[in-house]
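**Q** model this:
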Amino acid sequence: MKSIDSVKLTSYQILVIVLLSLTQFTVVLDFMVMSPLGDKLMKAMQLSTQQFGVAVFSYAFSAGISGFLTAGFADSFDRKKLLLFFYIGFIIGTVFCGLANTYPLLIAARVFTGLFGGVIGSISMAIVSDLFSLEQRGRVMGFMQMGFGASQVLGIPISLFIANRWGWQSPFFMIVILASIIWLVITIKLKPITKHLEVKNKDNALKHLWHTISQKNYRIGFLATALMSLGGFMIMPWGSVYAINNLGVTEEQLPVLFMISGVATLFIMPIIGKLSDKIDKLTLFIFASAWMIVVVLIYANLVPVPFWIVVLLNVLMMMGVMARMIPSVALVSALPELHDRGAFMSINSSLQQLSGGIAAAIGGMIVVQKDNFSPIEHYDSLALVVAVFVGICVYVLSLVSRIVKRGKSVKG
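**A** Okay, here's the model as predicted:
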């Protein structure tokens with residue numbers, strides 16, 4: 001399969017974007033649904049903030065370990081087969097999540113799901129890097145990240161609705177049904193992706209892994225990804241807990257809050273993707289980072305306010321998060337050579353998952369809740385820590401941007 005150099009997208013490329021976006025939707029929803037279910041889950045199982053942080057961390061930790069283990073041979077197989085294998089494992093793990101009725105079983109199920117789900121993003125990114133030119137990737141990232149917005153527009157509100165009717169486990173069964181359908185469509189419609197096998201590295205898996213890690217430019221990209229996750233995931237798991245117990249949002253209003261934020265994100269994604277292709281990606285990232293810092297600090301210091309203010313600030317915060325994510329992912333994806341892309345994306349995804357899990361665990365140690373119905377404390381301190389990581393990430397991504405521009409000028 002030939003890599004597309006033209007800017008215009010073919011009908012098959014559009015199909016690939018749709019399929020990858022749908023897989024992203026289910027995987028992101030499986031991870032993201034823990035946040036809106038947080039308050040309900042903590043009350044149902046009598047969990048502390050530290051225990052809930054561990055539940056989020058367990059998925060991310062196993063996802064990160066899985067990514068490292070698969071990185072060495074990620075470029076040695078047809079990417080379609082890898083995607084299908086790990087996606088079916090993710091589906092099985094999600095079934096276990098829905099069947100969990102104790103805290104230990106929940107942790108075990110999240111670990112199993114993470115082992116498979118954590119690799120899917122990196123495989124998708126490798127497929128994007130193989131099939132789309134750098135000039136197209138901003139748009140592609142924008143549409144793929146719509147899975148993130150769609151998980152809030154449709155997935156999270158529906159998940160909260162059925163959770164209110166049939167228990168917190170029911171959203172996981174919904175994901176299983178949807179993901180099973182997507183798996184079958186990928187099996188039928190997606191073509192083998194094997195161009196990278198023509199130039200694959202002759203080293204064994206461990207040598208290939210070490211070769212990828214040993215590249216200085218790659219390590220800078222890995223650091224940027226880790227900082228992105230630390231800055232983003234540290235505050236997100238506590239969204240529903242903070243909204244309900246600190247801001248007075250009701251359980252009936254919570255789906256509306258996530259739905260409106262998701263609708264806004266869905267409209268914002270393609271716009272940011274196009275901007276990322278038209279203007280300097282680093283400039284967009286810097287502006288979005290400053291935006292996010294301001295909004296997060298305001299939001300974390302709120303007292304109970306009218307619901308529309310909570311909604312508005314959540315929309316503004318999601319704009320900052322997404323406007324950072326798209327240009328940063330596009331820049332980092334431009335670093336690896338063709339024969340290293342699978343390994344690079346696997347390691348990159350692993351660091352993203354591990355950093356996100358560590359961020360959730362750290363957040364669970366910073367915020368405190370006296371009981372499951374009390375306001376959480378020190379949320380404002382958590383926001384300050386997030387602001388510091390966001391600022392550091394700006395500097396590191398500037399290094400990535402410099403490397404990418406230098407590489408293009410050399411090749412040009």
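**Q** contacts and neighbour counts: CA atoms only from here.
**A** OK.
**Q** any low-confidence regions in the stretch 251-400 of the chain?
**A** 338-339, 342, 372 (pLDDT under 70).
**Q** cutoff 80 now
**A** For the stretch 251-400 of the chain, residues meeting the criterion pLDDT under 80 lie at 262-263, 265-270, 273-279, 322, 337-350, 352-353, 356-357, 360, 369-373.
**Q** convert the C-alpha atoms of stretch 96-111 to CSV, please.
**A** What follows is stretch 96-111, C-alpha atoms only, in CSV (Å, rounded to 0.1, in the frame of the first residue of the first chain):
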residue,chain,number,x,y,z
PHE,A,96,-14.7,-8.5,32.8
CYS,A,97,-15.1,-4.9,33.9
GLY,A,98,-18.9,-5.2,33.6
LEU,A,99,-18.9,-8.4,35.6
ALA,A,100,-16.7,-7.0,38.5
ASN,A,101,-18.6,-6.7,41.8
THR,A,102,-15.7,-6.1,44.2
TYR,A,103,-12.8,-3.7,44.3
PRO,A,104,-10.1,-6.5,43.7
LEU,A,105,-12.1,-7.9,40.8
LEU,A,106,-12.4,-4.4,39.3
ILE,A,107,-8.7,-3.8,39.6
ALA,A,108,-7.9,-7.2,37.9
ALA,A,109,-10.4,-6.4,35.1
ARG,A,110,-8.9,-2.9,34.5
VAL,A,111,-5.4,-4.4,34.4
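**Q** now find how far off-centre that stretch is within its chain.
**A** 21 Å (Cα atoms, centre = their mean, to the nearest Å).
**Q** just stretch 395-402 next, same as before
**A** 21 Å.
**Q** now for whatever helix or strand residue 226 lives in, which elements pack on it?
**A** Assigned by DSSP states H and E, residue 226 falls within helix 216-233. In terms of contacts (3 or more Cα pairs under 8 Å, 6 or more residues apart in numbering; DSSP states H and E), helix 216-233 is packed against helix 307-333, helix 341-366, helix 379-411.
**Q** please identify the buried residues of it?
**A** 217-233 (16 or more other Cα atoms under 10 Å).
**Q** after that helix, which helix or strand is next?
**A** Following helix 216-233 toward the C-terminus (DSSP H and E): helix 239-245.
**Q** other SSEs contacting that next one?
**A** helix 38-45.
**Q** what about the helix it packs on, average pLDDT?
**A** Averaged over helix 38-45, pLDDT sits at 80.
**Q** coming back round to it: which stretch among the helices and strands packed on helix 216-233 is buried most, on average?
**A** helix 341-366 (a mean of 27; mean count of other Cα atoms under 10 Å).
**Q** any idea how far that one is from the chain center?
**A** Counting by Cα atoms, centre = their mean, helix 341-366 comes out at 10 Å from the chain centroid.
**Q** also stretch 273-286?
**A** 20 Å.
**Q** give the buried residues for it.
**A** 273, 274, 275, 276, 277, 281, 282, 284, 285, 286.
**Q** buried stuff in the strand or helix carrying the second one?
**A** Residue 274 belongs to helix 253-278 when elements are defined using DSSP H and E. Along helix 253-278, the positions that meet the burial threshold by neighbour count (16+ other Cα under 10 Å) are 254-266, 268-270, 272-277.
**Q** next secondary structure after that helix?
**A** helix 281-299.
**Q** tell me which other helices or strands the helix holding residue 274 touches.
**A** Against helix 253-278 (3+ Cα pairs under 8 Å, 6+ apart) you get helix 134-144, helix 146-150, helix 156-166, helix 307-333.
**Q** hmm, back to that, give me the mean pLDDT for the helix holding residue 226.
**A** 85.
**Q** now swap in stretch 102-121 and tell me
**A** 88.
**Q** which of the residues in that stretch are buried?
**A** Buried residues in stretch 102-121 (16+ other Cα under 10 Å): 103, 106-121.
**Q** residues contacting that stretch, please?
**A** Residues from elsewhere that reach stretch 102-121 (Cα atoms under 8 Å, 6 or more residues apart in numbering): 24, 27, 45, 55, 58-67, 70, 83, 86-87, 89-94, 96-97, 100, 346, 349-350, 353.
**Q** same question for stretch 378-396.
**A** Contacts for stretch 378-396 (Cα under 8 Å, 6+ apart): 220, 223-224, 227-228, 230-232, 234-235, 285-286, 289, 293, 296-297, 300-301, 363, 366-368.
**Q** same thing with stretch 228-235?
**A** Contacts for stretch 228-235 (Cα under 8 Å, 6+ apart): 321, 325, 352-353, 355-360, 362-363, 382-383, 386-387, 389-390, 393.
**Q** what's the answer for stretch 276-285, then?
**A** 135-139, 323-328, 331, 394, 397-398, 401.
**Q** out of these, which two sit at the greatest distance?
**A** 136 and 394 (23.3 Å; Cα to Cα).
**Q** hmm, back to that, just the contacts of stretch 276-285 now: which is nearest residue 250?
**A** residue 323 (29.0 Å).
**Q** distance between stretch 101-114 and the chain's centre?
**A** 20 Å.
**Q** next one: stretch 34-43
**A** 19 Å.
**Q** buried residues in that stretch?
**A** 34, 35, 36, 37, 38, 39, 40, 41, 42.
**Q** give the contact list for the fourth one.
**A** The reference is to residue 37. Applying Cα under 8 Å, 6+ apart, the residues contacting residue 37 are 160, 168, 240.
**Q** give me the three-state assignment for the second one.
**A** Following DSSP: H, G, I helix; E, B strand; the rest coil, residue 168 is assigned to coil.
**Q** distance check, it against residue 233.
**A** In this structure, residue 168 and residue 233 are 22 Å apart, going by Cα to Cα, to the nearest Å.
**Q** residues near residue 31, how many?
**A** 18 (other Cα atoms under 10 Å).
**Q** distance of residue 247 from residue 40?
**A** 16 Å.
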